[in-house]
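Colleague: Quick one: sequence plus predicted model below, questions after.
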Amino acid sequence: MKNKAEINIKKLFKSWSGEELLKSDALPESGSYRKYYRLFGATKQCIAVFNEDKKENHAFIEFSKHFHAKNLPVPKILAEDTSNFIYLQSDLGDISLYEHLEKERKGIDFPDSLFNLYKKVLDNLLRFQIIGAEGFDYSICYPRAAFDKQSMMWDLNYFKYYFLKLAKIPFYEQELEDDFQRFTDFLLQADTNYFLYRDFQSRNIMVKDGEPYFIDYQGGRKGALAYDLASLLYDSKADIPQEIRNELRLYYINQLSEYQIDKRNFEHYYFGYVLIRIFQAMGAYGFRGFYEKKTHFLQSIPYAIQDLEYLIENIDLPVHLPELWKVMRALTQSEELMKFKNPDKKLTVSIFSFSYKKGLPSDDMGNGGGFVFDCRGIHNPGRYEQYFNLTGRDREVIDFFEKNKEMDAFLESVFALVEKSVEKYQKRNFSSLMVSFGCTGGQHRSVYAAERLSTHLKQKYDVEVILNHREQGLVFH
């Protein structure tokens, strides 16, 4: 802590608490230039903020007072000394939603407890956007009162100059500028008369006693509903499975009815706002990562690219953006950017055996891809009485297939196809691949094939394999 700032913080703490400051712990730095400290007296504690940007301080303090009056879960402003760039706020603890998510998730699973917590977050988001907007003084917003065309162009140029240029992604400047103009014109056709939180992501949400609390909304302004939902669900390193994103989006959309908001209008513009939010985030990754050399931001890049790849394949915006789409494809194909992938993150391959009589396995990954192999063309040991009560995991059935080279020939082709995807997915830092084997009963051929592929991948690649024999109710990690 700077000497002068330290003296002023001590004074402000004593003025508020009536106690001497006994201890001050600097909190980890984030993506901003604000400095945070946890302060301790004999019986009281709080968070001190030192920030030399007076306008940003004024925005946060006034926003906090407004939201607190609306009974929204935000920190309370305890004391302020804006002439010396400091203020005190209530302490909401150390656990952000991101840290809570990391602790609660096991592999690819997204447990119900997390899903329900995200629903609480979305309920509060709507309260910020609609109830928080009532009587809100947008004149104190910083740096602009609305997420208008100027704000959008700032974000898109941030993406262009700090990410595309520094990542050496080629583009035609005038064509890209023309697309930016068309894109922003499209986005601004949405209803923009709501409070836009601006940076509504998991590190700006604290979890205390199982409830969400909200911080870092000083960049808020008037804007469209979709932007903040996109910020939360496409929070890159949170890496929410696409299926969960879709469910949470539908939950949010259903809640709009309570506020008499047109769901179709919201959905028409939603994925456009997803894209501009991802572009803004990538601009930050470029500036903080390429330029300031902060590793955390560089490690976020592959997640954002993975999201772009999904969007390229699955959305169809009602606006013509040829150069922007070309740039997006170039990003997803850049081998250079993949060097920033998190080396600790393994590809998870989910392998299923199943019966066609009971339908295909559900895609819990949310990627909508992978392989489904039909084993019904292979001679079936289930036709013979001695194998009726056995499965493809039993020695007698294994011997049957080892004597019958038809299965080996089938698996040789399967292995070749799956290996290509595994190698490509690992190189591009994808998180999951799904492979399913189906047969008539999901008992002999499909089980044996799934077991063989599981063993093969574990021996050849550094991947996490989840083996699920659906009809037997067996799952192996």
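Modeller: Noted; the coordinates are in hand.
Colleague: How far does the helix-or-strand element of the chain with minimal mean pLDDT sit from its chain's centre?
Modeller: Taking mean pLDDT, DSSP states H and E as the measure, the chain has helix 295-299 as its least confident helix or strand, at a mean of 79. Centroid separation for helix 295-299 versus its chain: 15 Å, with CA atoms, centre = their mean, to the nearest Å.
Colleague: Counting neighbours, which bits of that helix end up buried?
Modeller: 297-299 (16 or more other CB atoms under 10 Å). Heads up, the C-betas are built off the backbone N, CA and C, glycines and all.
Colleague: which one of those is nearest Glu451?
Modeller: Taking CB to CB as the measure, Glu451 sits nearest to Gln299 out of the buried residues of helix 295-299, at 34.9 Å.
Colleague: Confirm for me that that closest one is in contact with Asp239.
Modeller: No - assessed by CB atoms under 8 Å, Gln299 is found out of contact with Asp239, at 11.3 Å.
Colleague: so where do the strands sit in the stretch 301-450 of the chain?
Modeller: Here the stretch 301-450 of the chain has its strands, by DSSP state E, counting those that start in this stretch, at 348-355, 371-374, 432-439.
Colleague: Same question for the stretch 151-300 of the chain.
Modeller: Using DSSP E, counting those that start in this stretch, strands in the stretch 151-300 of the chain cover 194-196, 205-208, 211-214, 221-223.
Colleague: out of the ones you listed, which comes closest to Met407?
Modeller: strand 205-208 (50.0 Å).
Colleague: just to revisit the earlier point, output the strands of the stretch 301-450 of the chain in a markdown table; the columns should cover distance to Leu196.
Modeller: Formatted as a markdown table, the strands of the stretch 301-450 of the chain follow (distance: least, CB to CB, whole Å):
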| stretch | distance to Leu196 |
| --- | --- |
| strand 348-355 | 35 |
| strand 371-374 | 42 |
| strand 432-439 | 32 |
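Colleague: Which one, of those, ends up nearest to Cys141?
Modeller: strand 432-439 (39.9 Å).
Colleague: now the strands of the stretch 301-450 of the chain in TSV, with mean neighbour count, mean pLDDT and distance to Glu292?
Modeller: Output for the strands of the stretch 301-450 of the chain, formatted as TSV (neighbours: other CB atoms under 10 Å; pLDDT from 0 to 100; distance: least, CB to CB, whole Å):
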stretch	mean neighbour count	mean pLDDT	distance to Glu292
strand 348-355	23	94	32
strand 371-374	16	96	41
strand 432-439	24	93	31
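Colleague: which stretches of the protein aren't confidently modelled?
Modeller: The chain contains residues with pLDDT under 70 at 1-2, 30-31, 107-108, 341-345, 364-369, 428-429.
Colleague: Recalculate using a threshold of 50.
Modeller: 1 (pLDDT under 50).
Colleague: For stretch 112-125, list every residue counted as buried.
Modeller: For stretch 112-125, a neighbour-count test (16+ other CB under 10 Å) marks 114, 117-118, 121-122, 124-125 as buried.
Colleague: er, stretch 39-52 I mean
Modeller: 39-41, 45-51.
Colleague: Repeat that for stretch 27-37.
Modeller: 31, 34-37.
Colleague: cool, stretch 395-415 as well?
Modeller: For stretch 395-415, by 16+ other CB under 10 Å, it's 397-398, 400-401, 407, 410-411, 414-415.
Colleague: His469: which of those residues is nearest?
Modeller: Closest approach between those and His469, by CB to CB: Val397, at 12.9 Å.
Colleague: Contacts only, for the closest one.
Modeller: 381, 387, 390-391, 444, 448 (CB atoms under 8 Å, 6 or more residues apart in numbering).
Colleague: before we move on, back to that, can you tell which of the strands of the stretch 301-450 of the chain is closest to Leu308?
Modeller: Comparing those under CB to CB, the one sitting nearest is strand 432-439, at 16.7 Å.
Colleague: Now do that closest one: which elements does it pack against?
Modeller: Contacts defined by 3 or more CB pairs under 8 Å, 6 or more residues apart in numbering; DSSP states H and E place strand 432-439 against strand 348-355, strand 371-374, helix 406-427, helix 445-460.
Colleague: In JSON lines, list those along with distance to Glu134.
Modeller: What follows is the helices and strands packed on strand 432-439, written out as JSON lines (distance: least, CB to CB, whole Å):
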{"stretch": "strand 348-355", "distance to Glu134": "45"}
{"stretch": "strand 371-374", "distance to Glu134": "51"}
{"stretch": "helix 406-427", "distance to Glu134": "47"}
{"stretch": "helix 445-460", "distance to Glu134": "55"}
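Colleague: between the ones you listed, which gets nearest to Lys23?
Modeller: Closest among the helices and strands packed on strand 432-439, using CB to CB: strand 348-355, at 43.0 Å.
Colleague: Between helix 406-427 and the closest one, find me the angle.
Modeller: 150 degrees (axes from the mean of the first three to the mean of the last three CA atoms, to 10 degrees).
Colleague: Could you figure out how far strand 348-355 is turned away from helix 445-460?
Modeller: 160 degrees.
Colleague: picking that back up, relative to Lys65, which of the strands of the stretch 301-450 of the chain is closest?
Modeller: strand 432-439 (44.4 Å).
Colleague: Give me the most central residue, this structure.
Modeller: With distances taken as CA atoms, centre = their mean, Asp235 lies nearest the centre of the chain, 3.1 Å away.
Colleague: quick one: it and Ser202 touch, right?
Modeller: Yes - contact criterion CB under 8 Å: Asp235 and Ser202 qualify, at 5.1 Å.
Colleague: what touches both of the two?
Modeller: Joint contacts of Asp235 and Ser202 (CB under 8 Å, 6+ apart) are Tyr98.
Colleague: Contacts for stretch 226-239 next, please.
Modeller: For stretch 226-239, the surrounding residues in contact (CB under 8 Å, 6+ apart) are 98, 101, 118, 121-122, 125, 128-129, 147, 190, 196-202, 240, 245, 248-249, 252, 266, 269-270, 272-274, 276-278, 281, 299-300, 303-304, 307, 431.
Colleague: switch to 6 Å and redo it
Modeller: Contacts to stretch 226-239, defined as CB atoms under 6 Å, 6 or more residues apart in numbering, come from residues 98, 101, 125, 196-197, 200-202, 245, 252, 269-270, 273-274, 277-278, 300, 303-304, 307.
Colleague: repeat for stretch 113-132
Modeller: Outside stretch 113-132, the residues touching it (CB under 6 Å, 6+ apart) are 67, 70, 72, 104, 194-195, 197, 212, 225, 228, 248, 251-252, 255, 259.
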